[in-house]
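A.B. asks: no sequence for this one, just the structure:
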């Protein structure tokens, strides 16, 4: 509440009354009769400096207008009856969309104000806890009855570039509420939460109220940025960006591409209403540095108007071929400029893995991608018996499996039991990078294994008998996800290498896609919320010597996931992070929002919880509600009435 407007309005009260005591200076004029001057004779009474104030409807209405404006400036509140002893769990959203600017400040500022008002209305004996959530949920203040501590914690909450995950936050709130009696949950955010129907039945039974003062806002943002080095018709680096327009009208923006701060290209892009538009830039093949793509949107959310990526120095992807001799594979890999391939006998591969151990074998192999062609099962599971028994079987490196068994938990093959004869190709996944510029319609296969229908398998080539070529990811503990490509047929028993143009393109695409997950020669770009991993080959490095520096210059310690692998999951800023080893910069990583949901700034008035829907209120339920609007309305009505009476008196 601000006292300045109230004091000014209070000062007008005596001034208004004084106007009715003003002594008029009149000029004496001789007239023949006062019959026509009766109104003027009545006005002469005001010449007396001290007189009893006469009843005036105009004065009363004008005083009413001033009093109503004073009451509105005072911002009165109406508090609902409360019962002492309430347990409240306050959830405060500080995700990227909360940085959007509303008329009264950012959405986060408005949400914090609503939370502070609720804390101020707590009765004696009430207790509250504060959880701050985005893609992660943090207990900012445990259950307490100290209002001052809660208010200080709320004021200290800052915005981030992380996405929203209310489902996770409600899970944490449920764990806290289960130990309390009649706990109530209040969510303060912007109402952009999506579908929450997947909550557990226990979480749905919580008493949840959603509070938001956010309004629908138009916004444009960069929701995708990717970099690819190509070797087809022209060797070059392609930069792909996708711009989303979340407004009711088509917009034209200028997309600018910078490399190390220098503008390399700028072009106009038309984006349809509530649609997306792609744009592609070209750079030299050997271009390196910090890429920055930006748009001149000048809208409510500035965080998604820019995105970054790191172009590291290029080097060929190292491929180790393990398995039976295959001249076609040797030739196609040798002819690919972006690949440095070498053959590794199965006996040597088994010896390296079994002697060095799976943890160190990846470094000893000196490869980015492993290609297994009809390899023996003993080779594929070398050194992994214990992992397989524990259900942890996984590849050492990103791998391609041609007509052989990919790693899987014990007794859990990814293949269906029987091979199929002459599967007819029906369709293929055109959106996957491995299938770029490829058509499989005339591919003939004599015999193939078929992949099982499992959620972790993405089918790349489908036939009338099932999926014959697929991609999947393994998630080893403490390391980056490891992708793999599985080919169910022996390429020598197909027409694939014999003049089929897709054969060399497929393996070039596959090696590039797999190699970017492990090679430092790729572009380094992360979405906000993804963990930052750094693999350091140097020996004798202690975790205390590894740290990450944020774009604002804050240095944060690293966590050691495994030997030589360090992680940081607290990237709450957008921009370029630096990885420091003993104070020296060893790597750079770009973090951008790149999130379609966070770039949509149109809150819903209700959120679907599956079995029911919860309305999004503009004020905390059971707390204090604004009453200033009725007072302003009363002042407007009184002003119109005063105007009508005055003109009626003049006309009469």
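C.D. replies: Looks like it came in fine. What you see is a predicted model, and the numbers here were worked out from it, not measured in a lab.
A.B. asks: list the buried residues for stretch 637-648?
C.D. replies: 638-639, 642 (16 or more other Cβ atoms under 10 Å). Yep, even glycine has a C-beta here, placed from its N, CA and C like the rest.
A.B. asks: which one of those is nearest to residue 495?
C.D. replies: residue 639 (86.9 Å; Cβ to Cβ).
A.B. asks: immediately after the helix or strand bottoming out on mean pLDDT in the chain, which helix or strand?
C.D. replies: Least confident helix or strand, the chain: helix 385-389 with a mean of 44, by mean pLDDT, DSSP states H and E. Following helix 385-389 in sequence order, the next helix or strand is strand 399-402 (DSSP states H and E).
A.B. asks: other residues contacting that following strand?
C.D. replies: Contacting residues not belonging to strand 399-402 are listed as 323, 329, 369-374, 380, 406, 482, 484-487, 490-491, 507, 510-511, 514 [Cβ atoms under 8 Å, 6 or more residues apart in numbering].
A.B. asks: quickly list the domain ranges of this structure.
C.D. replies: The chain breaks down by automatic domain parsing into domains covering 3-76+630-651, 80-216+605-612, 219-314+595-599, 317-515.
A.B. asks: residue 556 is nearest to which of those domains?
C.D. replies: Smallest distance to residue 556 across those (Cβ to Cβ): 13.9 Å, for domain 80-216+605-612.
A.B. asks: about what we covered before: now the buried residues of stretch 637-648 in a markdown table, with distance to residue 347, secondary structure and pLDDT?
C.D. replies: As requested, the buried residues of stretch 637-648 are arranged in a markdown table below (distance: Cβ to Cβ, whole Å; DSSP: H, G, I helix; E, B strand; the rest coil; pLDDT from 0 to 100):
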| residue | distance to residue 347 | secondary structure | pLDDT |
| --- | --- | --- | --- |
| 638 | 97 | helix | 74 |
| 639 | 96 | helix | 75 |
| 642 | 102 | helix | 71 |
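A.B. asks: nearest to residue 500, of these?
C.D. replies: Distance to residue 500, by Cβ to Cβ, is smallest for residue 639 among those, at 82.8 Å.
A.B. asks: wait, residue 406 touches residue 412, no?
C.D. replies: No: between residue 406 and residue 412 there is no contact under Cβ atoms under 8 Å: 11.2 Å.
A.B. asks: more crowded one of the two?
C.D. replies: With neighbours defined as other Cβ atoms under 10 Å, residue 406 and residue 412 compare such that residue 406 has more, 24 against 11.
A.B. asks: excluding its backbone neighbours, what's nearest that one?
C.D. replies: In space, and not counting its chain neighbours, residue 406 is closest to residue 486: 5.2 Å by Cβ to Cβ, 6 or more residues apart in numbering.
A.B. asks: mind listing what that neighbour touches?
C.D. replies: 400-401, 406, 414, 451, 457, 469-472.
A.B. asks: hmm, 6 Å instead?
C.D. replies: With contacts defined as Cβ atoms under 6 Å, 6 or more residues apart in numbering, residue 486 is in contact with 401, 406, 470.
A.B. asks: so among those residues, where is pLDDT lowest?
C.D. replies: Sorting the contacts of residue 486 by confidence puts residue 406 at the bottom, with a pLDDT of 86.
A.B. asks: distance-wise, check that residue relative to residue 492.
C.D. replies: Distance, residue 406 to residue 492, by Cβ to Cβ, to the nearest Å: 19 Å.
A.B. asks: and stretch 138-157, what's buried?
C.D. replies: Across stretch 138-157, burial judged by 16+ other Cβ under 10 Å covers 140-141, 143, 150-151, 153-154, 157.
A.B. asks: what's the answer for stretch 269-278, then?
C.D. replies: Across stretch 269-278, burial judged by 16+ other Cβ under 10 Å covers 269, 271, 277.
A.B. asks: cool, and stretch 186-203?
C.D. replies: 186-193, 196, 199, 203.
A.B. asks: okay, the spatially most central residue of the chain and residue 614: tell me how far apart.
C.D. replies: Computing the C-alpha centroid of the chain and ranking residues by Cα atoms, centre = their mean puts residue 163 first, at 2.9 Å. Residue 163 is 21 Å from residue 614, where distance means Cβ to Cβ.
A.B. asks: do you know the pLDDT at the residue nearest to residue 106 when sequence neighbours are not counted?
C.D. replies: Nearest residue to residue 106, sequence neighbours excluded (Cβ to Cβ, 6+ apart): residue 99, at 5.7 Å. Looking at residue 99, its pLDDT is 96.
A.B. asks: all the helices of the stretch 551-652 of the chain, residue numbers only.
C.D. replies: 596-599, 628-651 (DSSP state H, counting those that start in this stretch).
A.B. asks: okay, buried residues for the first one please.
C.D. replies: In this case it means helix 596-599. Using 16+ other Cβ under 10 Å as the test for burial, helix 596-599 gives 596, 598-599.
A.B. asks: likewise stretch 159-178?
C.D. replies: In terms of neighbour count (16+ other Cβ under 10 Å), stretch 159-178 has its buried residues at 159-167, 169-174, 176-177.
A.B. asks: average pLDDT across it?
C.D. replies: Averaging pLDDT along stretch 159-178 gives 94.
A.B. asks: equivalent analysis for stretch 247-267, please.
C.D. replies: pLDDT averaged over stretch 247-267 gives 96.
A.B. asks: what is the burial count for the residue nearest to residue 461 when sequence neighbours are not counted?
C.D. replies: Spatial nearest neighbour of residue 461, chain neighbours left out: residue 469 (3.9 Å); criterion: Cβ to Cβ, 6+ apart. Other residues within reach of residue 469, judged by other Cβ under 10 Å, total 26.
A.B. asks: residue 610 now?
C.D. replies: Residue 610: 12 surrounding residues under other Cβ under 10 Å.
A.B. asks: got the contact list for it?
C.D. replies: Counting by Cβ under 6 Å, 6+ apart, residue 610 makes contact with residue 197.
A.B. asks: change it to 8 Å
C.D. replies: Listed by Cβ under 8 Å, 6+ apart, the contact partners of residue 610 are 196-199, 204.
A.B. asks: closest to residue 302 out of those?
C.D. replies: Using Cβ to Cβ, residue 196 is the member of the contacts of residue 610 that lies nearest residue 302, at 28.4 Å.
A.B. asks: and that closest one, what are its phi and psi?
C.D. replies: phi -120, psi 30 (degrees, to the nearest 10).
A.B. asks: and it, how close does it get to residue 640?
C.D. replies: Here the criterion is Cβ to Cβ. By it, residue 196 lies 46 Å from residue 640.
A.B. asks: got it, and residue 486?
C.D. replies: According to Cβ to Cβ, residue 486 stands 77 Å off from residue 640.
A.B. asks: next: residue 124.
C.D. replies: Taken as Cβ to Cβ, the span from residue 124 to residue 640 is 45 Å.
A.B. asks: if residue 242 is in a bridge, with which residues?
C.D. replies: Legend: beta-bridge partners of residue 242 under DSSP bridges are residue 224, residue 278.
A.B. asks: pretty sure it sits against residue 278.
C.D. replies: Yes: at 5.2 Å, residue 242 counts as touching residue 278 under the criterion of Cβ under 8 Å.
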